[in-house]
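Asks: any chance you can model this:
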Amino acid sequence: MSLPEGTEPVALTFDCCGGPGGDTLDEALVKALRGSGTAATFFLAGQWVEANPALTEELAADPLFEIANHGTAHQPLSVSGASAYGIAGTTDAGAVYDEIMGAQKLIEERTGTTPTYFRSGTAHLDDVSAEIARSLGLLVVNFNRNGDDGGTLPAPSVSDRLVGMEPGDILLAHSNRPSSGTAAGVTAALPVLRERGMSFARLSDVLPTEAEQD
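Replies: Residues are numbered from 1 along each chain as shown. Reported below is the predicted structural model:
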């Protein structure tokens, strides 16, 4: 998935997945974005919000950033229990609803804002789950550029992937693994991209919501 044809900026999106080893915030990454005035969208899982209520409020209050829904327990969305990357998926439509709306409620209660974009845990969902998300007023947003392979890549590899971006791309990377190479890779790539004339936007600046597309 990329942005609408003709879009000039790129959209940097960062997942905060929560769970073991992923319940923190990569402060160096956030500092790099703020220091360079780079807009970004943060997809927050409900379990991450519960572990980081103050950081959730801080990210939501920053006009450079916007908050999106990354599911309650970071599960792949399925109505049949299909798994992805070894993570068990939801088992039926009711579980899909709970995975979406549990996080929606947590984010709304913590920030006072209602997310309009959704990415499932692992970015995997079946057609029925996608339709459920749409019926709840959320636009499902995946990506066409994988920046850090789940926060596992060293900084030079992350930088190379960002430098390869083109206008209209949606990048997925992770902002909950400060021990990864993501922050250093993003920091190195941003000035290179700017030298090429690249600009950066939050999703809401360049991508119509589900309601706006109806």
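Asks: excluding chain neighbours, what is closest to F43?
Replies: Closest residue to F43 apart from its sequence neighbours, by Cβ to Cβ, 6 or more residues apart in numbering: H70 at 3.8 Å. Glycine gets a C-beta too; all of them are placed from N, C-alpha and C.
Asks: so who does the one you found touch?
Replies: D15, C16, C17, F43, L44, A45, W48, A103, F118, R119, S120, G121 (Cβ atoms under 8 Å, 6 or more residues apart in numbering).
Asks: list only buried entries from those.
Replies: Neighbour-count burial (16 or more other Cβ atoms under 10 Å) is assigned, among those, to D15, C16, C17, F43, L44, A45, W48, A103, F118, R119, S120, G121.
Asks: pipe the residues you listed into JSON lines and attach distance to L190 and secondary structure per row.
Replies: Formatted as JSON lines, the buried ones among the contacts of H70 follow (distance: Cβ to Cβ, whole Å; DSSP: H, G, I helix; E, B strand; the rest coil):
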{"residue": "D15", "distance to L190": "19", "secondary structure": "strand"}
{"residue": "C16", "distance to L190": "20", "secondary structure": "strand"}
{"residue": "C17", "distance to L190": "23", "secondary structure": "coil"}
{"residue": "F43", "distance to L190": "20", "secondary structure": "strand"}
{"residue": "L44", "distance to L190": "22", "secondary structure": "strand"}
{"residue": "A45", "distance to L190": "25", "secondary structure": "coil"}
{"residue": "W48", "distance to L190": "24", "secondary structure": "helix"}
{"residue": "A103", "distance to L190": "29", "secondary structure": "helix"}
{"residue": "F118", "distance to L190": "27", "secondary structure": "strand"}
{"residue": "R119", "distance to L190": "22", "secondary structure": "coil"}
{"residue": "S120", "distance to L190": "28", "secondary structure": "coil"}
{"residue": "G121", "distance to L190": "27", "secondary structure": "helix"}
